[in-house]
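Enquirer: Here is my input, please return the structure:
(one chain, ligands or ions: 1)
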Amino acid sequence: MSKKIIIANWKMNLSISEALRFAKNLARSTNQVIVAAPFTFLASLRDKVKRGDFRLAAQDVSEFEVGAYTGDVSAKMLKEVGCSYCLVGHSERRIYHHETDSQINLKIKNLLKYKIKPILCIGENEEQKARGQMSKALKEQLLGALAQISDPFQIIIAYEPVWAISTFQKSAKKKAASEKDIVLAHLYIRNLLVQFFGKKAGGIKILYGGTVNKKNSAEIFSLKQVDGALVGNSSLKISDFNAIIKQ
Ligand code: 13P
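Expert: Numbering: from 1, shown residues only. Here you go, the predicted structure:
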């Protein structure tokens, strides 16, 4: 298997001591492992990053560069605390905080300015899927987020269909998107990127997220269109996450 990018998105879970224990017990992996931690954990995890087993990501960043924005955390502050990556446009921020594509675009520009790699999350919701509007939704989100960005090669795209994210699923038995759905969406995103940025866009990494776990990760990683995974729930238990990164 070629080297994958595997990101733990802890969301608003764990404590600093649990995070440190996680970092200590993280398995060695030939894949690129990234941990997207809550803001308050970042300084404590910074020293662990130096060991080189993983890189640090934030889960969000301010759309503003500096100033009177109470509660916001800037790209410069993330750089200072050792973040080399940052999630942007996660569906939970789009849904619960009404984040728009133009705000996401500003966040990406700020991150790029401070040499932090944005991990742009895009994905259709259940209703859009039911109406056959997956491609329309992905195109809008991608175009909106990448407007006026001439060098997209630092950006990682994470395709996360909202309906496949474990916490948005009503049934107790959580299911990832099917291989067919994943491949179709990844091919569509790749084509869009090539249309916007030319052939070089073939090098932009596209990850899948939504109920990735230790049982289905090998199958998902075997898809040649998939450059890695964004893992929510299964990144909270170290044994599960280690099983995923050791694939
Ligand atoms: P789950 O892996 O829990 O479905 O979460 C996916 C996700 O939202 C990662 O960002």
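Enquirer: Can you show me the helices along this protein?
Expert: 16-25, 42-49, 75-80, 91-96, 101-113, 126-130, 134-146, 179-197, 217-221, 238-245 (DSSP state H).
Enquirer: Need the ones you listed in a markdown table (columns: distance to residue 162 and mean pLDDT).
Expert: The way it works is simple: take the backbone N, C-alpha and C, and place the C-beta from them, glycine included. A markdown table is the format used below for those (distance: least, Cβ to Cβ, whole Å; pLDDT from 0 to 100):
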| stretch | distance to residue 162 | mean pLDDT |
| --- | --- | --- |
| helix 16-25 | 26 | 96 |
| helix 42-49 | 27 | 92 |
| helix 75-80 | 26 | 98 |
| helix 91-96 | 5 | 98 |
| helix 101-113 | 15 | 98 |
| helix 126-130 | 7 | 96 |
| helix 134-146 | 9 | 97 |
| helix 179-197 | 12 | 96 |
| helix 217-221 | 18 | 97 |
| helix 238-245 | 21 | 98 |
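Enquirer: Flag every buried residue along stretch 166-185.
Expert: Using 16 or more other Cβ atoms under 10 Å as the test for burial, stretch 166-185 gives 168-169, 174, 176-177, 181-183, 185.
Enquirer: circling back: just tell me which of the helices of the chain ends up closest to residue 60.
Expert: helix 91-96 (6.1 Å; Cβ to Cβ).
Enquirer: Could you measure from whichever residue of the chain sits closest to the ligand over to residue 176?
Expert: Nearest residue of the chain to the ligand, counting by Cβ to the nearest ligand atom: residue 232, 2.2 Å away. Distance, residue 232 to residue 176, using Cβ to Cβ, to the nearest Å: 11 Å.
Enquirer: same question, residue 1
Expert: Distance, residue 1 to residue 176, by Cβ to Cβ: 18 Å.
Enquirer: One more: residue 187?
Expert: From residue 187 to residue 176 the distance is 17 Å (Cβ to Cβ).
Enquirer: First-to-last residue distance for stretch 27-38?
Expert: 21 Å (Cα to Cα, to the nearest Å).
Enquirer: Oh, that last question was meant for stretch 140-160, not what I typed.
Expert: Its start and end residues considered, stretch 140-160 measures 15 Å (Cα to Cα).
Enquirer: List, one by one, the residues from the protein near the ligand.
Expert: Counting by Cβ under 6 Å from any ligand atom, the positions of the chain adjacent to the ligand are 9, 90, 160, 165-167, 209-212, 230-234.
Enquirer: Of those residues, which pair is most distant in space?
Expert: Across the residues of the chain next to the ligand (Cβ to Cβ), the longest gap, 16.4 Å, separates 90 and 234.
Enquirer: Those two - which one has more neighbours?
Expert: residue 90 (28 against 22; other Cβ atoms under 10 Å).
Enquirer: Can you name the residues bridging to the nearest residue to the more buried one once chain neighbours are set aside?
Expert: Using Cβ to Cβ, 6 or more residues apart in numbering and skipping the chain neighbours, the partner closest in space to residue 90 is residue 121 (4.6 Å). On the basis of DSSP bridges, residue 121 is bridged to residue 158.
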